[in-house]
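Student: predicted model and sequence below, questions to follow.
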Amino acid sequence: MGDHIDIWDTDSPPQSGDGHLLLWRSYYQSESELVVSIPNLVEEHSDVLRARYLSWVYDLGEADYGGKTVTDHLKIRPNFSFWWMTLISSKSNYAESPQITQAVRLMAFDLWASQNTVNSLTLTSSNDALADCLRLWSKSRGVEYEYKRQKVLGFHQLSVELISSILPNKLKALLYILRYFWINWPLRGTGLIDWKASKAEITFFSYFFNLESVSGQQQKFRSKFWTQLPEELSKNHCKTNWLHMFCADSSHPTPNHGRIKIDRFNEIGRGEQVHSLLEAFLSWPLALNTLRDWFGVSKFAKILEPKLSSIDSEGLVLWPLYKKEWSSSLCGVPSITRLLQLNLFEAAVNALPKQTTGVYLYEQQSWELALINSWKRENHGILVGAQHSTMIFWDMRYYHDPRSYIENSFGRLPMPDVVAANSIESFKALKKSGYPTANIVTVEALRYLHLLDSLEKDKTYAVTQTESKELRILVVGDYLASNTKIQMDLLVKVILASKLEACVLVKPHPAYLIDPASYPELEMTVTMEPLDRLLSDCDLVYSGPATSAAVDAYCSGAPVITVLDVNALNLSPLRNLSDVYFVSTPLELSKAFSLIKSSKNKTRVKRDFFILDRDLPRWKELLLERKLRTYSDS
C-alpha cells in the first residue's frame, strides 16, 4: 500500500487517490497516515534540510570547470569573486529567490521517499520547473511519472511586469542602469567635500529612510536603525561619518529633497557628524567600470551552466528551478545592480581618510559584500556587521555551509571582522550554524530600546477591560503586499463565516499601507499610532507571516497569532515559540480566536527577547574602548 504518490501543488481541493497524498502547499494535519503535509515535514526536519540546502549551494561554488572552481572563474577583484553576489549564493528567499522554498520542499520529499516505497508518482501543479525536477528524480529511480499541468490564471493585458518578462536580460540590465543614473544623478557630489575632509575615525553605513523627526529640531539626524547611539557617541566626543543609501521616503520623496536633507545634517553636525550618500559617487567613469565588470561576468552565464546543472544534492537535481535565476544573476538587472554597488562602495571607501572602525547594518545583502571587499582592500580598521532585527531560521541570507568560513583560499566568503548580535538567541543561532564564535559579540538591540519604556515600569500590567463581548483584534501588517493579502483575506473569511463579534484595529507596515476600501466586508479602523500604545487595548495581536512587529507584541505579553504563507517557508521571527499560535486555514484561525477569547487574562507578563540597556555599555566598549564582549563573559 502506498506505492503510488499523488503530489498536490494547487489551491483547489485535493482529489483522493489510491496511495499517499502529499500536500505541497498545505499545513493540514490529517489523522490518516496516507495524507502528508510537505510544509510540516520541512519543519519536522528543518535542521537537516537547511544544512543540506546550504551544502548544495557551497558545492556549486566549488564545482570544478577546466581546473578552476566556479568561484575562481568569477573573480572580478584580486581578493573577491562575483559568485558571492549571485542570486543563488545570496539566498534571499524573501523576494529574489522564491525557488528556495521549492528546493527545500523537494529535499523534504526526497527524505520522505527514502523511507517509503514509491513505484509511481503524479504531480498536479502549474510549476514547470518543479515538474522537471520531479521528472528527473523519477527517471533516476525508475519511478513511473505523470505531470498534470494546471492552467495559470493571470492577466492578459499589457503591463510593465508583462513587458519586463518578455525583454532579454541584457536589455533589461542596460535599461536599468540608464534609469538609475537618470534618477540619481542629482545626488552626485552630495556631502563629498565634507566626506573627504572628515576628521572622524568611525564610519556607519546605512539606509536613507526610517528617519525620525525630533521635536524642535526636525532636521537633526536621528535614525530608527541606530536610535540613540549617534547621540551617545557625540556625548563622548566621538566624531562619526555616515554613508547612506538613498531610498525615497515621505520626508524626502525625491533625490533633490534627499540632497537638501544631507546638506542640513552636515550643517548641524559641524564636523562632529559627516553625512554623504552612496549615490554621491556617481560618475561616467564609474558607469564605464560597471559596464566593463558586467561584460566580464556575463560571458560566464552559458560557459558555466553545463557544469552547475550537473551538481545535485544527494542525487536530487535542482537546477531546473535555478536556470532562469542563474541567467539573471550574471546577465540581468541583479548582476548590473550588484556590480554598480561594488563600484560605488569602492569609490566611497577609497575617498575616506583612514578609519579605525566601520559599522553597517547586517542583513547579508549583496551590497554588504561589496562594502566588505572595498573596506578591506583599503586597509581600514575593524568592520562590524550590526544585527538590527531578528535572526530568522529560514532566512537563508544569514546562513552558509560551515566550510565557507574556513580560511582556505582566495574564494572564501567575505565576512566582517565582527558580527554584533542583539540577543542571546541570535548569538546561539550564529554559533550553531558554524559561524566562528570568536567573530561574534553581543550588543544592545538599538531598534528595540523602546521596549525599556514599558519594562522599566512594571513586568506585569493590566489589560484595558471593557463590558463589550467583542474580541479586540490588533492587526499588524506585513511589509510585503502578498503577505498582507494572505493575512487579511484569512481574517475576512473567518469573521464572515463565524459571525465573530470583533473590533478590528489595523496598524499597517510603513512600507505597505492597508486601504479599508480593499476589504469592504470588514469593519475596521486603520491607525499609524505607535504599537506600544495600542497593545494594552487589545485582546490579541494578529500578525503577518514575516513582520518584525510581531516581536514587539510578543515582548509585551500579548497573545500573538501569526498567519503562515503556504507558498513560502516559515519566516516568522517567532518561529518555534510554543506560546505563539501559527495558523494557515480559517479553521485554525477560528480555533485560535476561541482559545484566546475563553482564556482572556486581566494582566500580562512581559517577555525578554533582546539585550536592552539604555546606557549602551556594550556598544561603548566595542566602539570607544575597542573591547569585544562575547556571550560567555556577558
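Tutor: Cool, got the structure.
Student: and the residue nearest to residue 504 when sequence neighbours are not counted, backbone torsions?
Tutor: Computed as Cβ to Cβ, 6 or more residues apart in numbering, the closest residue to residue 504 that is not its neighbour in sequence is residue 524, at 4.0 Å. To be clear about C-beta, it is placed using only N, CA and C from the backbone, and glycine gets the same treatment. Backbone torsions of residue 524, given as degrees, to the nearest 10, read phi -150, psi 160.
Student: before we move on, what about residue 508?
Tutor: Taking degrees, to the nearest 10 as the convention, residue 508 sits at phi -70, psi 160.
Student: secondary structure element holding residue 379?
Tutor: In the assignment (DSSP states H and E), residue 379 maps to no helix and no strand.
Student: with adjacent residues omitted, what lies nearest to it?
Tutor: Spatially, and ignoring its direct neighbours in sequence, residue 379 is nearest to residue 354 (7.9 Å; Cβ to Cβ, 6+ apart).
Student: isn't the one you found up against residue 380?
Tutor: Yes. With contact defined as Cβ atoms under 8 Å, residue 354 reaches residue 380; the gap is 6.5 Å.
Student: ok so residue 55 is a strand residue?
Tutor: No. Read with DSSP: H, G, I helix; E, B strand; the rest coil, residue 55 is helix and lies in no strand.
Student: what about the nearest residue in space to it that is not next to it in sequence, how many neighbours?
Tutor: Of all residues not flanking residue 55 in the chain, residue 401 sits nearest, at 5.2 Å (Cβ to Cβ, 6+ apart). Neighbour count of residue 401, defined by other Cβ atoms under 10 Å: 21.
Student: what residues sit buried inside the helix or strand encompassing residue 321?
Tutor: Following DSSP H and E, one finds residue 321 within helix 319-331. Buried residues in helix 319-331, defined by neighbour count with 16 or more other Cβ atoms under 10 Å: 319, 320, 321, 322, 325, 326, 327, 328, 329, 330, 331.
Student: so for whichever helix or strand comes after that helix, what gets flagged as buried?
Tutor: Remark: after helix 319-331, the chain's next helix or strand is helix 333-350, criterion DSSP H and E. By 16+ other Cβ under 10 Å, the buried positions in helix 333-350 come out as 333-349.
Student: direction included, what does the helix or strand following helix 333-350 pair up with?
Tutor: As assigned by DSSP H and E, the chain's next helix or strand after helix 333-350 is strand 357-361. Looking at strand 357-361 with DSSP bridges, its partner strands are strand 202-208 (parallel), strand 382-386 (parallel).
Student: in JSON lines: those strands, plus mean neighbour count.
Tutor: Output for the strands paired with strand 357-361, formatted as JSON lines (neighbours: other Cβ atoms under 10 Å):
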{"stretch": "strand 202-208", "mean neighbour count": "22"}
{"stretch": "strand 382-386", "mean neighbour count": "23"}
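Student: wait, which of these is closest to residue 111?
Tutor: strand 382-386 (33.0 Å; Cβ to Cβ).
Student: and after the closest one, which helix or strand comes next?
Tutor: Next along from strand 382-386, by DSSP H and E: strand 418-421.
Student: output the contacting helices and strands for that next one.
Tutor: Applying 3 or more Cβ pairs under 8 Å, 6 or more residues apart in numbering; DSSP states H and E, one finds that strand 418-421 contacts strand 382-386, helix 424-432, strand 440-442.
Student: nearest to residue 265, of the ones you listed?
Tutor: strand 382-386 (20.1 Å).
Student: what residues are up against the most centrally placed residue in the chain?
Tutor: When Cα atoms, centre = their mean is applied to the chain, the residue found nearest the centroid is residue 94 (5.2 Å). Neighbour list for residue 94: 395, 480, 546, 571 [criterion: Cβ atoms under 8 Å, 6 or more residues apart in numbering].
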